Structures are given as C-alpha cells and as structure tokens.
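1. Take a look and give me a structure for this.
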Amino acid sequence: MAKTSLKQREEKREKLVAKYAKKYAELKAIIDDAQRSDEERYVARLELQKLPRNANPTRLRNRCALTGRPRGTFRMFGLGRNKIRELAFKGDIPGMVKASW
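-> Residues are numbered from 1 along each chain as shown. This is a model prediction of the structure:
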C-alpha cells in the first residue's frame with residue numbers, strides 16, 4: 001500500500017490540472033502558433049511559467065486504484081499488475097483468463 005499522503009498529493013495535483021486545463025491549453029496554443037508574433041509567444045510562455053508547477057499534466061502519475069502503487073499500472077484497468085493478477089485468477093475481470101499452451 002502506498003502512503004496516504006502520496007495518494008492525497010496525487011489527488012491534489014489532479015484537481016489543479018483540471019482547474020488550470022483551459023488556461024494551459026490556451027497558452028500552449030498561442031505558443032505553438034507560428035502565425036503569432038514572437039512577442040505574443042514570449043508573453044504566453046511567461047504566463048505559462050506563472051501557473052502553479054503542479055498544474056502541468058506531465059506531473060501526474062498513474063497509480064493503482066486499489067493500492068496506490070505508482071509502478072506497473074495498466075491504463076486499461078487502472079490497476080497495478082499484482083492486483084490485475086489476483087482479480088484475474090478469482091475471475092473478477094470478465095474475459096481475462098490465465099494463459100496456457
């Protein structure tokens with residue numbers, strides 16, 4: 001199990017990313033637009049730097065929904081590899097069976 005503080009920190013980051021997503025997208029669009037003047041793009045870059053550090057979506061970490069484990073998480077299920085294995089053996093994940101040949 002991951003520490004509760006780490007899970008809470010990740011939730012806090014998700015809220016910040018959601019809060020600033022619109023402004024972040026607008027600024028990124030200005031920066032990436034080659035039709036805009038260099039001054040406009042520079043100002044947009046400065047505004048982007050003023051946003052909170054944790055508002056950047058790249059700072060999010062995929063974690064297991066059950067244990068909070070940060071590594072070995074499958075996006076399709078939102079679970080860590082060990083929990084997927086346990087649930088698959090129990091038959092709780094439909095369509096997933098143990099490989100045998």
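2. For the residue nearest to the spatial centre of the chain, which non-adjacent residue is closest in space?
-> For the chain, the residue nearest the mean C-alpha position is residue 60 (3.8 Å; C-alpha atoms, centre = their mean). Spatial nearest neighbour of residue 60, chain neighbours left out: residue 13 (5.8 Å); criterion: C-beta to C-beta, 6 or more residues apart in numbering. Using the backbone N, CA and C atoms, a C-beta is placed for each residue, glycine as well.
3. I'd say the one you found and residue 54 touch.
-> Yes: using C-beta atoms under 8 Å, residue 13 is in contact with residue 54, at 4.7 Å.
4. related to what we said a few turns ago, quick check on the residue nearest to the centre of the chain: phi, psi?
-> Per-residue torsions, residue 60: phi -70, psi 150 (degrees, to the nearest 10).
5. What's the separation between it and residue 3?
-> Residue 60 sits 17 Å away from residue 3, going by C-beta to C-beta, to the nearest Å.
6. Ok, residue 32 next?
-> Taken as C-beta to C-beta, the span from residue 32 to residue 3 is 38 Å.
7. Thought residue 18 was touching the residue nearest to the centre of the chain, still the case?
-> No: look at residue 60 against residue 18 with C-beta under 8 Å: they stay out of range, at 10.4 Å.
8. show me what contacts residue 80?
-> By C-beta atoms under 8 Å, 6 or more residues apart in numbering, the contact set of residue 80 is 64, 66, 67, 69, 71, 72, 73, 74.
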